[in-house]
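> predicted structure and sequence below. I'll ask about it afterward.
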Amino acid sequence: MTNDPRVSRDHSSRQAYWMADVVEHHRLRHDLAVIRLIGDYVPFTAGQSVEVEVPQFPGMRRRFSPALPPSMDGKMEFHVRTVAGGWCSGGIVADTAVGDRWKLSAPQGMFTVDPDGDEVVMIAGGTGLAPLRSQILELARHPEPPATYLFFGGFSPRDLYAGDMLVILGHSLPWLTVVPVVERLEDPSWPDQWHERHRVDIGFDEDDLIQGTLADVVGSHGSFGRHQVLVCGSPAMTRSTVERLLDTGTPPERIQFEGA
């Protein structure tokens, strides 16, 4: 048994777990929240996911990808979107409160970037951004990261919930290029009180937006035969984008993909 005080052990499952407390809960859209925690050091790798158990749903575990790389000071961040018919994800988005204690376990996944390898193409739909942002911040810890191109997509500009953060990252990391993609240039007519409440001055300019699906926009660039390619988003977005990458000549061994 480990003597590390940061690690607890669930004797019923014989699986290590770690605890963290919610310190911030930002509901950015009607169906999306960014949740920040501080607690035990969790030994995952940037790009992996972890199992999460929250106090509102004891005994129920959901898998999310941290949006920050591992931190010895125990800082973690999750981007959670309500899944249609998913009352657990909806409850996390709506009911999480500062002071809630989360139980984290079972890091897994092989969604990785070689910091000494070829240029990187990242393709993120919605909260599929989280593990890719973690990878970007991990790359920033290296002295000479490869040129990295992040395609971040949504249905409308309102879906690009992390525009302010990505604009700041793009300005501060000379090797990072952010490409915002939307299927339509106008937001829906119905209001989103959370979007209005958290509207900020920093974000993507309308002239920066490229219209189309992520699959179409990425496919227009041709083959990425000499790139590390990572795709993360909804199952439909991931499937269509990977298919387009293969159709345009990107070798399958160059592509890593995860559903969000």
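Arrived safely. Numbers count the residues shown, from 1 in each chain.
> and residue 170, how far from residue 50?
Look at residue 170 and residue 50: by C-beta to C-beta, to the nearest Å, they are 27 Å apart. For the C-beta atoms, the positions are set from N, CA and C on the backbone; glycine is no exception.
> domain ranges for the protein, per the record?
The chain breaks down by automatic domain parsing into domains covering 8-108, 119-259.
> lowest average pLDDT across these?
Per-segment mean pLDDT for the domains of the chain reaches its minimum on domain 8-108, at a mean of 91.
> all strands of the stretch 1-150 of the chain, in order?
Ranges of strands in the stretch 1-150 of the chain, per DSSP state E, counting those that start in this stretch, are 8-10, 15-29, 32-39, 49-53, 62-64, 75-81, 101-108, 119-125, 148-154.
> that older thread, can the domains of the chain go into CSV with extra columns for mean neighbour count?
Written out in CSV, the entries for those read as follows (neighbours: other C-beta atoms under 10 Å):
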stretch, mean neighbour count
domain 8-108, 17
domain 119-259, 18
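> residue 120 against residue 227, yeah?
Yes: here residue 120 reaches residue 227: they are 6.5 Å apart, a contact under C-beta atoms under 8 Å.
> quick one: contacts for residue 67?
Residues counted as contacts of residue 67 (C-beta atoms under 8 Å, 6 or more residues apart in numbering) are 34, 77-79, 129-131, 133-134.
> biggest separation within those residues, which pair?
With distance counted by C-beta to C-beta, no two of those lie farther apart than 34 and 131, which are 14.3 Å apart.
> and the residue nearest to residue 214 when sequence neighbours are not counted, how far from residue 90?
Closest residue to residue 214 apart from its sequence neighbours, by C-beta to C-beta, 6 or more residues apart in numbering: residue 153 at 4.1 Å. Distance check for residue 153 against residue 90: by C-beta to C-beta, it reads 23 Å.
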